[in-house]
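Q: sequence and predicted structure, then a few things I'm wondering about:
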Amino acid sequence: MGKTAVNEESTIVIKQITPYKDRLFAEIEATPDEYLPALLNIVRLYRQSVSLNPADISFAQGWQEALDEGTFPISSLWVSSNEELIEQAHQLSGLPTKQAIVEEALYLMIQHDQQLQVRQLRGKLNWEGNLDEMRENGFNAIGVL
């Protein structure tokens with residue numbers, strides 16, 4: 001069933017009213033008129049924050065921010081890192097830069113998570129084959145490679 005919402009500028013027919021819309025409309029109607037412009041701005045900002053822009057608009061905005069120097073160099077991201085931890089990682093790994101250390105840490109974290117995911121499959125997969133033959137002849141003998 002349709003419901004009509006009326007304001008001074010136009011009449012809007014809403015085809016489907018959900019319980020949330022009913023409650024939202026009730027809150028709006030209970031709001032004093034002098035607060036409606038602020039409420040409109042709040043609702044508009046909220047909608048914009050949860051809506052994704054099309055890729056071309058997002059790219060254009062990012063490009064403009066870069067041109068206006070509204071971006072930060074990647075080196076500034078490392079400022080808040082734990083220097084003792086970075087130094088210890090540098091000594092252990094021999095990696096030359098903070099960026100290399102962080103990239104290696106991310107790689108190891110992802111690899112560890114993937115290993116955990118594989119472990120969770122233990123006992124859940126059926127395997128058919130001859131393990132002795134695989135050990136003796138390798139994967140080629142069973143047609144895997």
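A: Cool, got the structure.

Q: got the buried residues for the helix ranked longest in the chain?
A: Using DSSP state H to define each element, the chain has its longest helix at helix 98-119. By neighbour count with 16 or more other CB atoms under 10 Å, helix 98-119 contains the buried residues Lys98, Ile101, Val102. Every residue, glycine included, has its C-beta placed from N, CA and C.

Q: how about these in a markdown table, adding distance to Ile86 and pLDDT?
A: Below are the buried residues of helix 98-119 laid out as a markdown table (distance: CB to CB, whole Å; pLDDT from 0 to 100):
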| residue | distance to Ile86 | pLDDT |
| --- | --- | --- |
| Lys98 | 6 | 84 |
| Ile101 | 6 | 89 |
| Val102 | 8 | 86 |
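
Q: what's the helix or strand for the residue nearest to Thr71 when sequence neighbours are not counted?
A: Nearest non-adjacent residue to Thr71, counting by CB to CB, 6 or more residues apart in numbering: Glu65, 5.6 Å away. Here Glu65 sits within helix 55-67, counting by DSSP states H and E.

Q: which parts of that helix are buried?
A: Residues of helix 55-67 classed as buried: none (neighbour count, 16+ other CB under 10 Å).

Q: what does stretch 131-140 give?
A: If you call a residue buried by 16+ other CB under 10 Å, then stretch 131-140 has no buried ones at all.

Q: so which of the buried residues of helix 98-119 comes closest to Pro32?
A: Nearest to Pro32 out of the buried residues of helix 98-119 is Val102 (CB to CB; 52.2 Å).

Q: the closest one and Asp132: what is the separation?
A: Remark: distance between Val102 and Asp132 (CB to CB, to the nearest Å) = 44 Å.

Q: dump the buried residues of helix 98-119 to TSV, plus distance to His90.
A: Shown next, in TSV, are these (distance: CB to CB, whole Å):
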residue	distance to His90
Lys98	8
Ile101	6
Val102	11
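
Q: which stretch of helix or strand covers His90?
A: Per DSSP H and E: His90 is located in helix 83-93.

Q: list the buried residues of that helix.
A: Result for helix 83-93 [16+ other CB under 10 Å]: buried residues Ile86, Ala89.

Q: tell me which other helices or strands it touches.
A: helix 98-119 (3 or more CB pairs under 8 Å, 6 or more residues apart in numbering; DSSP states H and E).
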